[in-house]
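*Asks:* below are the sequence and a predicted model; questions follow.
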Amino acid sequence: MSFLMDHLPILLIAIPLAMAPAMTIFKGQPGLQKVMDIGVNFVLLALAFLLLKTVWDGGIIVYEVGEFGKYGIVLVADLLSSMMVGLNCLLGFLGLIYSYDYIEGKSLNLTYHALFNLMIAGINGIFLTGDIFNLFVFFEIMLLSSGALIVANETSTVTKISDKMEATLKYLVLNMLGSTVMLIAVASLYASIGSLNMADIAMKIRLLSEAGAVPWHLYAIGLLFIIVFGNKAAIFPLHYWLPDVHPTAPSPISAMLSGVIIKIGAYGILRILFVIFAPMKAVFAPIIVVLALITIGLGSVSAIAQTDVKRLLAYSSVSQIGYVLLGFGLGTVTTVAAGIVYLVNHALAKGMLFLTSGGIIHHAETRDMRKMGGMINSSPLMAAAFLVGTMSIGGVPPMGGFISKFVLFDSGLQAGAYIPIGIALIFAIFTLFYMFRGWIYIFWGERDPQYGEYSHHKLSMMMVGPIMVLAVLVLVCGIYADPILRMAETIAQQIIDPQPYIDAVLNRDIRDLTSIAEYLAGE
Amino acid sequence: MNNALLALTISLLFGIGTFLILRRDMMKVIIGFGILSHATNLYIVASGVFSGNKVPILGEGQGHELEEGIIFNDNLAQGISGLAPQITGVTDNAQFVDPLVQALVLTAIVIGLATTAFILTLAYRAYEEYGTTDVRELRRLWG
């Protein structure tokens, strides 16, 4: 047990990383493969929640990989990282159960399990690392594995293979460009500051700004980082890959992409621009606010014109991540906390919506919403789940989305940002419109008789189960929102004042934790 | 003179890479990515050269027992220009380069290898599906 507690951060990365070759070794026994993957991912989910509880009770955990201590690579699990890891492992576990019926058998057996575990390992690594070049490496792991997962074969033949090739090409090209820019930014930051450790860079930038001598190229590096994380988060003008990639990916991968991977961009903006470039955030915050507002507008207006259900959800993701970044950009503790609550609620709701859309597509054999209608008679569970998700994205109580929109608008008005919140409110009306219109198109009314009957293919429990779990979670986040609000407020305080993070990483002796007590006692 | 030539080469490679990425043929785009990654790696390596006798080697009493907790004992408020970490105290005339950037470049090269392999396979599959390598044909998903 103490082995577990000592090595918890590295286990969250090492276990899925070790499962990837294990899945390839066992590809001769698909049954064993499936059971092993479900079991290990459930253990991973338990470990993620254990990490969250440990960090919530005990403070920031710093784990030194190797024997170089803080001079080497450190894994830092503060509350923001632990929460994101928990979200990732939850959506990963539920998406994996869902994939068993959604992904075609041979592809599932040969490549899907290994790639899925690699993707989860990469995303966990992004959230847990405390070293900026290690961040780049985990970005690449996640990019390659998620890119390869988009072309996984599905059991339904609605999405054409040529569409998948085109979408993956666009995803890869734009993200490779983002990786090149990130490499330039990381290398420039190292050349200017001299360290790769995030806490050390934060400390040095703070000292530089106190001495009044911040070199001009640090602002350029900050802008490069906005480009990099904006590419991942799909904000304007870097969002063009998202509406092509999210619909053509298989539904569980869409849920992971929309639920977790675009949140990596938001996490990066928090970590780099608020913790590392903390003295200079007054320069970057207006840029983020303007970009976020344009993103909200663009996503909402584009979503109104959509007839494809998954493309509607993809444009909705573009606009909702704009809300999250609006919360981050406005800069006070309450708005950052509101952005984090919005992030959590959107991840759960959009993940569930994409999984539900997979079930809808299986049932209707088409993705076009105009050819659907009256599905509430033949699949009431899908209708209920889609309604829960729609209400959450639209901001209707009692779902979680209402809490997050309310907290965002309230804290924004308290911070005095009347015009941004006004614009966001107008587009929230658009959000409500297109989400409910989508639900009505699919589930109410009658299907046009020329399209025939719906298929009588019953959706299996493996597809319905994760959807129900996520729907219950969205409902719980709306009704009993207090834990998430408190957690978000603590996270926002740790972000706005990053001194505890810096202290936890830097004020430690190599390999000897008892000396911290003497050091603190001798101060 | 050397530094100016190096800077010129890196900027020229960036320019060529950017030009190629905007071409019409998929293969030219991928070659453009290769050249862009060459330019980036050269940029990283070029930032590892020190000037003078300031090198990142810790001498006596320059370690981690500090009151502010920063990793290297460089006083940033004085002499901020130039590359870091810079610790004076090594007085012989040896020429040092920064070994850390070489580790970064190795990692970046290997990652570039894997990504190029993947995107080449994907480009071939896309050619099989679309019948052409013209990137302007990749517009079936518009809407």
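*Replies:* Right, received. Where do you want to start? Numbers count the residues shown, from 1 in each chain, chains lettered A, B, ... in the order given.

*Asks:* pLDDT score assigned to residue A:174?
*Replies:* At residue A:174, the predicted lDDT confidence score is 92.

*Asks:* so it is in contact with residue A:241, correct?
*Replies:* Yes: counting by CB atoms under 8 Å, residue A:241 is a contact partner of residue A:174 at 4.5 Å. Using the backbone N, CA and C atoms, a C-beta is placed for each residue, glycine as well.

*Asks:* what ranges does chain B have for its helices?
*Replies:* Along chain B, counting by DSSP state H, helices occupy B:2-21, B:26-46, B:99-130.

*Asks:* what sits closest to the closest residue to chain B within the stretch 1-150 of chain A if chain neighbours are left out?
*Replies:* Nearest residue of the stretch 1-150 of chain A to chain B: residue A:140, at 4.6 Å (CB to the nearest CB). With CB to CB, 6 or more residues apart in numbering or on different chains as the criterion, residue A:140 has its nearest non-adjacent residue at 4.6 Å, and that residue is residue B:111.

*Asks:* poorly predicted segments of chain A, please.
*Replies:* Where chain A drops to pLDDT under 70, the residues are A:508-523.

*Asks:* need the residue closest to the centroid of it.
*Replies:* What sits nearest the mean C-alpha location of chain A, by CA atoms, centre = their mean, is residue A:260, with 2.2 Å.

*Asks:* neighbours of residue A:68, just the number please.
*Replies:* Neighbourhood size, residue A:68 [other CB atoms under 10 Å in any protein chain shown]: 12.

*Asks:* now chain A against chain B: closest residue?
*Replies:* residue A:194 (2.7 Å).

*Asks:* which residues of chain B score low on pLDDT?
*Replies:* Looking at chain B by pLDDT under 70, you get B:1-2, B:50-95, B:143.

*Asks:* of all the helices of chain B, which one comes closest to residue A:124?
*Replies:* helix B:99-130 (18.3 Å; CB to CB).

*Asks:* ok, the closest residue to residue A:202 other than its chain neighbours - contacts?
*Replies:* Spatially, and ignoring its direct neighbours in sequence, residue A:202 is nearest to residue A:276 (4.8 Å; CB to CB, 6+ apart). Under the criterion of CB atoms under 8 Å, 6 or more residues apart in numbering or on different chains, the contact list for residue A:276 reads A:132, A:198, A:201, A:202, A:205.

*Asks:* likewise residue A:235?
*Replies:* A:265, A:291, A:292, A:294, A:295, A:318, A:321, A:322, A:325.

*Asks:* also residue B:125?
*Replies:* residue A:165.

*Asks:* look up how far residue A:371 lies from it.
*Replies:* Counting by CB to CB, to the nearest Å, the gap from residue B:125 to residue A:371 is 29 Å.

*Asks:* neighbours of residue B:8, how many?
*Replies:* Residue B:8 has 10 nearby residues by other CB under 10 Å.

*Asks:* ignore what I typed, I meant residue A:124.
*Replies:* Quick note: residue A:124 (other CB under 10 Å) scores 30 neighbours.

*Asks:* likewise residue A:5?
*Replies:* 12.

*Asks:* hang on, it packs against residue A:54?
*Replies:* Yes: using CB under 8 Å, residue A:5 makes contact with residue A:54 at a distance of 7.2 Å.

*Asks:* in which helix or strand does residue A:429 reside?
*Replies:* helix A:418-443 (DSSP states H and E).

*Asks:* please identify the buried residues of that helix?
*Replies:* A:420-421, A:423-424, A:427-428, A:430-432, A:434-439, A:441-443 (16 or more other CB atoms under 10 Å in any protein chain shown).

*Asks:* could you point out which element follows it?
*Replies:* With secondary structure assigned by DSSP H and E, helix A:418-443 is succeeded by helix A:461-479.

*Asks:* what ranges do the strands span in the stretch 201-350 of chain A?
*Replies:* Under the criterion DSSP state E, counting those that start in this stretch, the stretch 201-350 of chain A carries no strands.

*Asks:* how about the contacts made by residue 42?
*Replies:* Because you didn't say which chain, this covers chain A. Counted by CB under 8 Å, 6+ apart, residue A:42 has contacts residue A:93.

*Asks:* actually it's chain B I care about, not the one you picked
*Replies:* By CB under 8 Å, 6+ apart, the neighbours of residue B:42 are B:6, B:9, B:10, B:13.

*Asks:* quick one: contacts for the third one?
*Replies:* In this case it means residue B:10. Counted by CB under 8 Å, 6+ apart, residue B:10 has contacts B:39, B:42, B:43, B:46.

*Asks:* circling back: residues near the residue of chain A closest to chain B, how many?
*Replies:* 23.

*Asks:* test my guess that it contacts residue A:204.
*Replies:* Yes: between residue A:194 and residue A:204 there is a contact under CB under 8 Å: 7.3 Å.
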